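Q: I would like to see how this sequence folds:
(chains A and B)
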Amino acid sequence: MSFTPHHTPFELDPAQLRELALDFASNPIYLDNKEWENEDNPYHRQLRPQIIKYLDFSKPLPAGEILDYSALAANRLLATIYEADLMFLPKKGMTDSTWAGFKNFYSSTNRARGEMIRPYLEKHVFGFLDDIEVSGDWTKESLAAYLGRIQGQATEPSASEKAIRESSDPKRAARNWLIQFAPDFLSEASPMIRNVMGYYGPVQSEWFKIVIDEYGYGVHGTKHSTLFENTLASVGLSADLHRYWQYYLTSSLMMSNYFHYLGKNHELFFRYLGALYYTETTLVDFCRRAADLLTDVFGDDADVKYFTEHVHIDVHHGRMALEKLIMPIVDQCGESVIPEIVRGFEEFQAIAQIADDDFAEQVRWMDAGPRNKVLHAPVWAKIESGEVEAPVAHIVEPRGELSNTHQHDGDELCHIVSGTMRFVSGYDSHQILEAGEGTVIWRNRLHGAIIDSEECVYEIHSVGDYRACLS
Amino acid sequence: MLVVNFAVEGAHNCVEVDGVPYVYARTAKGSFVMPALCPHRGGPLNLAEVDATGGRAVCPWHERATSITRLRRKGIPAVRRGNTVTAVLPVPADSEVTTTHRPMSPAFCGGRAA
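A: Take a look at the predicted model:
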């Protein structure tokens, strides 16, 4: 036999990775949108390919940079790649545009290119979790003690909940909050279903029971995604898939992507169990508070059944995750799998904390719109006088030009030379900037803009830290 | 069993349970929770040095050596996230717990004194 096997790991060098990511994102369905929202077209997602050549996805982002633009771009790419495994259809029938999008989104070219870059994107945005270290001799008893401590434990209101209650516009803040859940809740349990395929014994059937609950026992009106659609509609939001894509924060996509990451990579199966237990157990208290919060903000018009249903069913799901999935899988596979379960439990806590803090900061950012507009003047004065020197981009755009949402890795100053800009800092949140005006832009805060005059000439000054300019 | 949280570094880097202090050690071969008392005569294991092989922690009192691999793999079940350690100790859940500070040898804090 003359055959010599030559099996090597799949690897891309940074240049190949960048080129493939650019190829993937340059698909016509991923280009910049002319509108803020995607209307009944589940295949359109704005990936801003024009920026990808400046990004390096080849290394894990350190924890301190996990909300930088590179992470937003990578999470948008990952969400798009994972969701090519899911089935989406427009609500109002196929148009020429959605037919083309359908064929394109589910094409072999789109899927193959996505799969080639996915492992690198996953390392880029989830590699920081390797800092979590599990050690020692774990047994079923120590695992039960470790996991059991959060059962029935009342939790404090999250930073996001406090930010909504303290916001100058709680309704706007709450709508933006619900928008952040849409990537997860509208296709709820889809990542989990990745784990009920295959053949691995009684735990597989037990896990399927949780899926049955999530899918409303085959009755569409009780499917959890339907309950969430009702919540969205009751507060004036639409449930088109990814209608609000441009308003998703980095960390909201990261939360949703995390479960796809665990479910797609079956070597992380045991981590999924730990993360599942954490989310099912803590959701009970969270959903109780969420229902109260939405009712307080919107009154009785808010349909909160999605959340009250989870208060009930997740009591069972937390118990089922522990007694029917985790402990039996340890019996089946041995205690050597426990460190992975523990790691998943810790990983999702870390991600949930990042997402909570990120959204709370975004509420403060939206609320600070008028003040940031006022702060333009003193920062601009320092730049004009030469006391502050910062890299500057001079930009000229026509009426209707829409800068799809993005964020910067440092503070910036936007200065309008002529014309009018509508500066958008979240859903239903904007400032009108006229010639001579502008705004401070905070680091890592999602924003976009649209030109409201025939032409707008403006400058973006990368000041790094705007507070330093004021001292 | 008792689940405790304490800091990797800083003022609360030691948890004392029923009089036994526990600390988190970080070495080139991995990290782990260990009692800060040598089982030989109660010497301060938190100040132990690592021997030339890098594989054993040596108590400063009587130079008793303990395998780091054993401490890491067969030691107290624990997980570290950031500066927080969660450990599951083999004592009753209602045991008395206090947190204190113990200095760590450079060998146990990634080469930095804490």
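
Q: Name the SS class of the residue nearest to residue A:321 when sequence neighbours are not counted, please.
A: Nearest non-adjacent residue to residue A:321, counting by CB to CB, 6 or more residues apart in numbering or on different chains: residue A:277, 4.4 Å away. Glycine gets a C-beta too; all of them are placed from N, C-alpha and C. Three-state assignment for residue A:277 (DSSP: H, G, I helix; E, B strand; the rest coil): helix.

Q: Test my guess that residue A:277 contacts residue A:323.
A: No: look at residue A:277 against residue A:323 with CB atoms under 8 Å: they stay out of range, at 10.4 Å.

Q: So which of those two has more stuff around it?
A: residue A:277 (25 against 12; other CB atoms under 10 Å in any protein chain shown).

Q: for the biggest strand by length in chain B, packing partners?
A: In chain B, taking DSSP state E as the definition, the longest strand is strand B:20-27. For strand B:20-27, the elements it packs on are strand B:2-7, strand B:14-17, strand B:30-35, strand B:84-89, judged by 3 or more CB pairs under 8 Å, 6 or more residues apart in numbering or on different chains; DSSP states H and E.

Q: Pull out the buried residues from that strand.
A: B:21-27 (16 or more other CB atoms under 10 Å in any protein chain shown).

Q: would you list those residues in JSON lines and tack on pLDDT?
A: Listed next are these as JSON lines, based on pLDDT from 0 to 100:
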{"residue": "B:21", "pLDDT": "95"}
{"residue": "B:22", "pLDDT": "96"}
{"residue": "B:23", "pLDDT": "96"}
{"residue": "B:24", "pLDDT": "96"}
{"residue": "B:25", "pLDDT": "95"}
{"residue": "B:26", "pLDDT": "93"}
{"residue": "B:27", "pLDDT": "90"}
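
Q: so how many other residues sit close to residue 3?
A: Went with chain A since none was named. Residue A:3: 5 neighbours (other CB under 10 Å).

Q: meant chain B, my bad for not saying
A: Residue B:3: 17 surrounding residues under other CB under 10 Å.

Q: Quick check: closest non-adjacent residue to it.
A: Spatial nearest neighbour of residue B:3, chain neighbours left out: residue A:149 (5.0 Å); criterion: CB to CB, 6+ apart.

Q: same check, this time on residue A:59
A: residue A:124 is the one closest to residue A:59 (CB to CB, 6+ apart), at 7.0 Å.

Q: Please name the residues that touch the one you found.
A: Taking CB atoms under 8 Å, 6 or more residues apart in numbering or on different chains as the contact definition, residue A:124 lies against A:57-61, A:70-71, A:74.

Q: let's go with 7 Å and repeat that
A: Neighbour list for residue A:124: A:57, A:59-61, A:74 [criterion: CB atoms under 7 Å, 6 or more residues apart in numbering or on different chains].

Q: Flag every residue of chain B that's near chain A.
A: Within chain B, the residues that sit near chain A (CB under 7 Å from any CB of the partner chain) are B:1, B:3, B:30-33, B:72-81, B:86, B:88.

Q: The same query, at a cut-off of 8 Å, please.
A: Residues of chain B lying close to chain A by CB under 8 Å from any CB of the partner chain are B:1-3, B:30-33, B:72-82, B:86-88, B:93.

Q: Can you say which of the residues you listed are buried?
A: B:1-3, B:31-33, B:72, B:75-81, B:86-88.

Q: any low-confidence regions in chain B?
A: Chain B contains residues with pLDDT under 70 at B:111-114.

Q: and the residue located most distally from the centre of it, what does it touch?
A: Distance to the chain centre peaks in chain B at residue B:94, reaching 21.5 Å (criterion: CA atoms, centre = their mean). Residue B:94 makes contact with residue B:2, according to CB under 8 Å, 6+ apart.

Q: what's the domain layout of chain A?
A: Following automatic domain parsing, one gets these domains for chain A: A:14-126, A:132-366, A:369-470.

Q: Any idea which of the ones you listed gets closest to residue B:11?
A: Proximity to residue B:11 (CB to CB) singles out domain A:132-366 among those, at 21.5 Å.
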